[in-house]
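Q: give the three-dimensional model of this entry:
(chains A and B)
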Protein chains: 2
Amino acid sequence: MAKLKVRLYVDHPLGAGQSVPLGRGQAHYLFSVMRLGPGAELLIFNGCEGEFLARVARAGKRSGELVCRHRTRPLQVPPDLWLLFAPIRKARTDFIVEKATELGAARIVPVQTAFTNAGRIRRERLQAHAIEAAEQCGGTFVPEVTELQDLGHLLDGWPAGRGLMFCDEDLAGGGEDAPKEDALKDAVPGPWAILIGPEGGFAPAERARIRALPQARAVSLGPRILRADTAAVAAMTLWQLRLGDWRCGEGG
Amino acid sequence: MAKLKVRLYVDHPLGAGQSVPLGRGQAHYLFSVMRLGPGAELLIFNGCEGEFLARVARAGKRSGELVCRHRTRPLQVPPDLWLLFAPIRKARTDFIVEKATELGAARIVPVQTAFTNAGRIRRERLQAHAIEAAEQCGGTFVPEVTELQDLGHLLDGWPAGRGLMFCDEDLAGGGEDAPKEDALKDAVPGPWAILIGPEGGFAPAERARIRALPQARAVSLGPRILRADTAAVAAMTLWQLRLGDWRCGEGG
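A: Model (predicted):
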């Protein structure tokens, strides 16, 4: 159980012997909350250079300094997968960001749909949530959380080479539109995005717009109706199994 | 958007014309919280006879009465899948019960492992959580939540015909033990259980005990470390895709 070493994300270059200054919040967390003192060891990562063992060189009330020892793990970049979802309630939005980080999304994109009333999101808070999830789950990569984007604008400029796996809750329950065969059977790994519908569903015009996109594949997530947060986790699992780094022979 | 009709689980026989008495909590919920009055319509289900449209026949402060009209959906029984997990923190345990209900578990079994410190669980509260999840997600079946069971005892009497999909977080991160090929490739649909390890992992003796079971298959959930609740959702998705009712041609 000694594996539960403190892990901290730092926005600073890392390398053997590199000194890393700590801000107020980080100093408070390490020295007051986690009670580390000078000489204590922890793991740090910055999202682009892997994970390093570091030692506390100075522990102050409002600042501090770490010194990198050696690299403990290389950067592990997830597949090029975006997760697009319509944020609704705070707790479920936080949850989706946390789970998307654990399951290996490269980018998290909150989208405004016809039936979403998010208005605005607190991007910084969601980004901090992704960082915390990476800290707690041994991740070395932190997905970017973008500002809220309008789904229509996104679709207008959708990249030609990026697949769009479209999870429509209206396909659940065995509706007539439910795809009866494997919608991903001819799909190939590469840049993809998953789009999770809002709990109120998509507007008919929106749904038609998505389905008309040549890159889009409508996928059913089983015969039961799932909440949006459950659908996000299930869809990412399905994608990672079929097209991502959970495929047999990929990354264990 | 008119589909958001109130759905209520009732522990009472259902059938066209059947009268269904309401207890205090249900009367409070329907008449005070949801503000339904006499003549209002709602959907009710009892976990074994499908879903019925019902009408409020009497609305009192502490009691009430519904009358069934017609059946609106047949009972949809999920595959014979048990979810075994080690409960730790309340919020994440609640979450696992909710998600297991949505994703189609037939039985939810909290287990005591060497590294679990649950001591006891509040079974009734967890069962109420499963009922609420079924109410909100259009389910007609409610999985039974059992009392906390000792994992060792369960394994001692493990049914010969029930597969055990074993998700060990120690297999994540590409460890040497990670299965390099599809652990479910020769598995067949039928009675199964998924076992999710506690966040502290299994004790070595426990792991050996599980792996020695002929019905057990160790499955990797990708190269990243997942929290126990994420692992539960991902594992159920994987199982439903491979062996359950999300298989192509099954239930849409």
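
Q: and the gap between residue A:97 and residue A:109?
A: 11 Å (Cβ to Cβ, to the nearest Å). To be clear about C-beta, it is placed using only N, CA and C from the backbone, and glycine gets the same treatment.

Q: next: residue A:189.
A: From residue A:189 to residue A:109 the distance is 20 Å (Cβ to Cβ).

Q: same question, residue A:230
A: The gap separating residue A:230 from residue A:109 is 19 Å, by Cβ to Cβ.

Q: what sits against residue A:233?
A: Applying Cβ atoms under 8 Å, 6 or more residues apart in numbering or on different chains to residue A:233 gives the contacts A:99, A:103, B:99, B:230, B:233, B:234, B:237.

Q: so where's chain A shaky on pLDDT?
A: For chain A, the stretches flagged by pLDDT under 70 are A:1-4, A:118-119, A:169-181, A:248-252.

Q: residue A:230 and residue A:109: which has the busier surroundings?
A: Remark: of residue A:230 and residue A:109, residue A:230 carries more neighbours, 28 against 22, as counted by other Cβ atoms under 10 Å in any protein chain shown.

Q: surely that one meets residue B:104?
A: No. The criterion here is Cβ atoms under 8 Å, and residue A:230 misses it with residue B:104 at 11.1 Å.

Q: residue contacts, the closest residue to residue A:205 other than its chain neighbours?
A: Ranked by Cβ to Cβ, 6 or more residues apart in numbering or on different chains and with sequence neighbours excluded, the top spatial neighbour of residue A:205 is residue A:114, at 7.5 Å. Contacts for residue A:114 were tallied using Cβ under 8 Å, 6+ apart; they are A:202, A:203, A:205, A:206.

Q: give me the buried subset of those.
A: Buried members of the contacts of residue A:114, counted by 16 or more other Cβ atoms under 10 Å in any protein chain shown: A:202, A:206.

Q: just the ones in strands from the contacts of residue A:114, please.
A: Residues of those located in strands (DSSP state E): none.

Q: which one of the contacts of residue A:114 is nearest to chain B?
A: Proximity of the contacts of residue A:114 to chain B was ranked by Cβ to the nearest Cβ; the top entry is residue A:203 with 10.6 Å.

Q: show me the contacts for that closest one.
A: When contacts are counted by Cβ under 8 Å, 6+ apart, residue A:203 touches A:113, A:114, A:115.

Q: distance of the first one from residue A:212?
A: Counting by Cβ to Cβ, the gap between residue A:113 and residue A:212 amounts to 16 Å.

Q: ok, the second one next?
A: As for residue A:114, its distance to residue A:212 is 16 Å (criterion: Cβ to Cβ).

Q: ok, now the last one?
A: Counting by Cβ to Cβ, the separation of residue A:115 from residue A:212 is 19 Å.

Q: ok, now residue A:50?
A: 42 Å.

Q: so these two - more neighbours on which side?
A: For residue A:50 versus residue A:212, the count of surrounding residues by other Cβ under 10 Å is larger for residue A:50: 16 against 9.

Q: was I right about that one contacting residue A:140?
A: Yes. Between residue A:50 and residue A:140 there is a contact under Cβ under 8 Å: 5.4 Å.

Q: mutual contacts of the two, please.
A: With Cβ under 8 Å, 6+ apart as the test, residue A:50 and residue A:140 both reach A:73, A:74, A:75.

Q: what sits closest to the first one if chain neighbours are left out?
A: Read it as residue A:73. Counting by Cβ to Cβ, 6+ apart, residue A:51 is the residue found nearest to residue A:73 once chain neighbours are left out, at 4.1 Å.
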